[in-house]
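Engineer: here is the input, now give the coordinates:
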Amino acid sequence: MRKRAHLGKGCKRVLLRNIYGLNPMLALSNIMDTVTSQKPEPVSDLKPYDAKPGAHHVLKDVYTFFGNHVQNSVAVYVGVDDWKRDLQLLESYAFPTVVCDPFYQQDEWRTAVIEKRSKLMDWMKYLKDSDCGSHFVNPKWIEPVVEFPGPFDGTRNIVDPTNNTTVNMPVSSWETLLNKAAALRNKAATAAQAEPHFALCKIELYNEEVGLLASLLASKYRPSILYLRWSASPDESQIHCEAAGHLQSCGYRLISVNSTGYFLYQYSGQDIYSCASWTNVGMKHPIIEQMQGEVANLLKSQVPVVGAAGNEPSASK
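Structural biologist: Below is the predicted model of the structure:
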């Protein structure tokens, strides 16, 4: 009996790439029909914010997409690598937004928002002086906080990447952050609002996105739109590969990747976990089963059949 050759992870990925003509993450997603595009160009329901290189991909019609949820939609941004680039999202999705900046990446901008939120003319002048005069963003609907999202309200020790020191960081649960965002609306209107709808989340915190995703997916909340910037490519880093796979297995579909590395996901609710029993000892992973079957059938159709030794047809005379 011929022994089955053992393939390492690298060999398996090369095999999948050769068979599907794609990278393995995309091959798996094509089987699941969850990926629309991994190219920098936006899909049909998206558009670039503007013609500048690296512009965010945003929804063409926010109001049609969210429908009645627009009235109680809120957003949470985690990490502020470039506040000027975030203005594209804050303007396109005009929702009350909590901006978590736990490592004081943009402390000057955070202070400006707080000080000028009740002085619209001063806020507009600040944007103009910062070469952002073309943006209109309501500062009253932005709440910058020096907090870290998590599964609870409290504190935790975190290593500050800017100076490699351990700091005691305030932690707010996702529910607390959403309620803070909802409170930014007019109080009279808020009283009649339903529970906040988690419309959008942006995660851009170097080397923290895996843990942040884990706490988000462990909560009851599923933001409709998720902008995520991976610290390493999911096709090159195993921990990011598993996190990206878990994200899509939980019902998110990757709809766009722009040239600056922002992955844009949309929640579809079609998660792999709810279609199988994870308490059945004999249950085999449905994706792996389907992949193995398709790969085996494809290999059978491409490998020529060689006659057994001693049974070759005789040469014609």
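
Engineer: number of residues surrounding Pro241?
Structural biologist: I think there's a mix-up here, since residue 241 is Cys and not Pro. 19 (other CB atoms under 10 Å). The C-beta positions use only the backbone N, C-alpha and C, and glycine is treated the same way.

Engineer: got the contact list for the closest residue to it other than its chain neighbours?
Structural biologist: Distances taken as CB to CB, 6 or more residues apart in numbering place Pro234 nearest to Cys241, at 4.8 Å, with adjacent residues excluded. Contact analysis of Pro234 by CB atoms under 8 Å, 6 or more residues apart in numbering lists Met25, His240, Cys241, Ala243, Ala244, Gly245.

Engineer: what residues sit buried inside the strand or helix carrying the fourth one?
Structural biologist: Meaning Ala243. Secondary structure from DSSP states H and E places Ala243 in helix 238-249. Neighbour counts over helix 238-249 (16 or more other CB atoms under 10 Å) mark His240, Cys241, Ala243, Ala244, Gly245, His246, Leu247, Gln248, Ser249 as buried.

Engineer: and whichever helix or strand comes after that helix, which strands flank it?
Structural biologist: Counting by DSSP H and E, the next helix or strand C-terminal to helix 238-249 is strand 252-257. Looking at strand 252-257 with DSSP bridges, its partner strands are strand 262-267 (antiparallel).

Engineer: give me the low-pLDDT residue ranges for the stretch 101-250 of the chain?
Structural biologist: Along the stretch 101-250 of the chain, the parts satisfying pLDDT under 70 run over 186-193.

Engineer: the longest strand along the chain: what's the following helix or strand?
Structural biologist: For the chain, the longest strand by residue count, based on DSSP state E, is strand 165-173. Next along the chain after strand 165-173, taking DSSP H and E as the criterion, comes helix 174-182.

Engineer: so what's the gap between that following helix and the chain middle?
Structural biologist: Its chain's C-alpha centre and that of helix 174-182 lie 19 Å apart, by CA atoms, centre = their mean, to the nearest Å.

Engineer: and it, what does it pack against?
Structural biologist: Judged by 3 or more CB pairs under 8 Å, 6 or more residues apart in numbering; DSSP states H and E, helix 174-182 is in contact with strand 73-78, strand 97-100, strand 142-145.
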